[in-house]
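> need coordinates for the following:
(one chain, ligands or ions: 1)
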Amino acid sequence: MLAHLLHLEGIDSVVLEARSREYVEHRVRAGVLEQGTVDLLREIGLGERLDREGLVHDGIELQFAGERHRIDFPSLTGGRRITVYGQQEVVKDLIAGRLQTGRPLLFEAEAVALDELEGDAPAIRFRHDGEERELRCDLIAGCDGSHGVSRESVPAGVLRPFEREYPFAWLGILAAAPPSNEELIYAYSERGFALHSMRSPTVTRLYLQVEPDEDLDEWPDDRAWNELERRLGMEGWTLNTGEVLEKGITGMRSFVVEPMQHGRVFLAGDAAHIVPPTGAKGMNLAVADVRVLADAIGAWYRSGDESGLDRYSDVALRRVWRAEHFSWWMTSMLHRLGGGDPFDAKLQLAQLRYVCSSDKAAASLAENYVGLETV
Ligand SMILES: Cc1cc2nc3c(=O)[nH]c(=O)nc-3n(C[C@H](O)[C@H](O)[C@H](O)COP(=O)(O)OP(=O)(O)OC[C@H]3O[C@@H](n4cnc5c(N)ncnc54)[C@H](O)[C@@H]3O)c2cc1C
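Now for the predicted structure:
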């Protein structure tokens, strides 16, 4: 996304991706696009397939105490919505867009270290085609996810980490089954949280709250379907089942480093922050970061004005912390908390009832979920 935004400003860049094209185009992860992410993809001319194949959703359902309640986004947010479109589809569209520009995009090119970050020409050392190579540039954007080298290359003591671990994880299932509901269902239950989501009219994405050290082998398909039925089941509603295409366990973590920059390296996306997936914010935040960064880089090349670059971290972190709070709040409201303390459970139910009975509380959830225009 950043490379494309820079291209539109006439700025050259080299994209290094450690994995193969095949791998990144099929890596199933996020699927909920905020209104701002959709608008940006359209603005840069990469929204055509998204508009054709994306599933526009006007709300989500919250389920608790045997009932489902709908949160209607457009009426609560002045017409804003979300679109369900797999992250791997966004990645495919971005790769196709990049290849069309003719600018460099190297696959199976793994950065091993960043050097001379405080100088005017920082360097990336990377492996490609069996050789170690060096790339000198004006600026480095560390968009290499939570396990990349960018964050690790910043000298010790510069970045301050903020972190929270949650005492649960998500078991995720991708199934060849038509979605059982038009919208996402976030279910709070005494057995733990469950989420019904989808990727297309024929593929369902489902999640179950499990223990953080859960063994995937303990979850044969039958057990997972049975547990989903127990947590999501409602009188008169059927959970569609089908072949399980993929199954995995995802840990839940909140993490931010401050500042998101040092010298000539600028961290963006998961390289700088992680959110638990309950708020569907991770990919959207990565996009929001590089939008700020692209504007700052553009101004610097156009006029030598460094103020945008200097402010990058401060500006990006405002949205990051808003999303951190929202993701933590959704997670805390919907999961069975440690030991199933009855006081916690009463507080969660009181909060869920408030969100579903007060327009003002519902609007707060809705505007955060579809993505705030300004933070
Ligand atoms: C199960 C699951 C569900 C999720 N659901 C949602 C959701 O509904 N909505 C949402 O918004 N977010 C969601 N997320 C989070 C979202 O997927 C991430 O936040 C998002 O991918 C972050 O984008 P990124 O570009 O920062 O990092 P990544 O997507 O991780 O991209 C970083 C890239 O850098 C490459 N790389 C790493 N190291 C190197 C290196 N040394 N050299 C070169 N390349 C390197 C990696 O191969 C990768 O392709 C979910 C995540 C998971 C796991």
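> what parts of the stretch 51-200 of the chain come near the ligand?
Those residues of the stretch 51-200 of the chain that sit near the ligand, judged by Cβ under 6 Å from any ligand atom, are 87, 110, 111, 143, 144, 145, 148, 149, 172. Backbone N, C-alpha and C define where each C-beta goes, glycine included.
> correct me if wrong: the third one contacts residue 143.
So that's residue 111. No. Applying Cβ atoms under 8 Å, one finds residue 111 not in contact with residue 143, separated by 10.7 Å.
> quick one: the strands in the stretch 101-250 of the chain?
Counting by DSSP state E, counting those that start in this stretch, the stretch 101-250 of the chain has strands at residues 105-106, 110-115, 123-128, 131-136, 140-142, 160-176, 184-187, 194-200, 203-210, 243-258.
> quick one: strands adjacent to the shortest one?
I take that to be strand 105-106. strand 15-16 (parallel) (DSSP bridges).
> what pLDDT does the residue nearest in space to the middle of the chain get?
The chain has residue 282 as the residue nearest its centroid, 2.1 Å off, counting by Cα atoms, centre = their mean. Residue 282 is assigned 97 on the pLDDT scale.
> same check on the one 5 residues further on?
Taken from the predicted model, the pLDDT recorded for residue 287 is 98.
> wasn't it part of a strand?
No. Read with DSSP: H, G, I helix; E, B strand; the rest coil, residue 287 is helix and lies in no strand.
> residues in contact with it?
1, 36, 37, 40 (Cβ atoms under 8 Å, 6 or more residues apart in numbering).
> one more time with 10 Å, if that's ok
Shown in contact with residue 287 (Cβ atoms under 10 Å, 6 or more residues apart in numbering): 1-2, 5, 33-34, 36-37, 40-41, 90, 268-269, 371.
> do residue 133 as well
16, 106, 109, 124, 125, 126, 127.
> likewise residue 340?
Contacts of residue 340 by Cβ under 10 Å, 6+ apart are 190, 191, 192.
> pretty sure the last one contacts residue 345?
Same thing as residue 192. No. With contact defined as Cβ atoms under 10 Å, residue 192 does not count as touching residue 345 (11.7 Å).
> returning to that earlier point: from the residues of the stretch 51-200 of the chain next to the ligand, keep the buried residues only.
87, 110, 111, 143, 144, 148, 149, 172 (16 or more other Cβ atoms under 10 Å).
> report the contact partners of residue 199.
Contacts of residue 199 (Cβ under 10 Å, 6+ apart): 28, 31, 55, 84-89, 174-175, 179, 205, 245.
> which ones among the residues you listed map onto helices?
In helices, defined here by DSSP state H, the members of the contacts of residue 199 are 87, 88, 89.
> leaving out chain neighbours, which residue sits closest to the first one?
Okay, so that is residue 87. Distance criterion Cβ to Cβ, 6 or more residues apart in numbering; nearest residue to residue 87, sequence neighbours excluded, is residue 30 at 4.2 Å.
> for that neighbour, give me phi and psi.
phi -70, psi 170 (degrees, to the nearest 10).
> what of residue 358?
According to degrees, to the nearest 10, residue 358 has phi -110, psi 130.
> now residue 304
phi 80, psi 10.
> buried residues, the longest helix seen in the chain. List them.
Longest helix in the chain, counting residues (DSSP H): helix 307-334. Within helix 307-334, the residues that count as buried by 16+ other Cβ under 10 Å are 308-309, 312-313, 315-317, 319-320, 322-324, 326-334.
> re earlier: show the buried residues in the contacts of residue 133.
16, 106, 109, 124, 125, 126.
> any idea how far the fourth one lies from residue 306?
If you measure residue 124 against residue 306 using Cβ to Cβ, to the nearest Å, the figure is 22 Å.
> and if you look at the first one?
Applying Cβ to Cβ, one obtains 25 Å for the distance of residue 16 from residue 306.
> do the same with the second one
Per Cβ to Cβ, residue 106 is found 29 Å from residue 306.
> ditto for the last one
Here the distance between residue 126 and residue 306 works out to 27 Å (Cβ to Cβ).
> and what of the fifth one?
Counting by Cβ to Cβ, the gap between residue 125 and residue 306 amounts to 26 Å.
> from what I can see residue 259 touches residue 272, true?
Yes. Between residue 259 and residue 272 there is a contact under Cβ under 10 Å: 9.0 Å.
> neighbour count winner among these two?
Set residue 259 next to residue 272 and count neighbours by other Cβ atoms under 10 Å: residue 272 wins out with 28 against 17.
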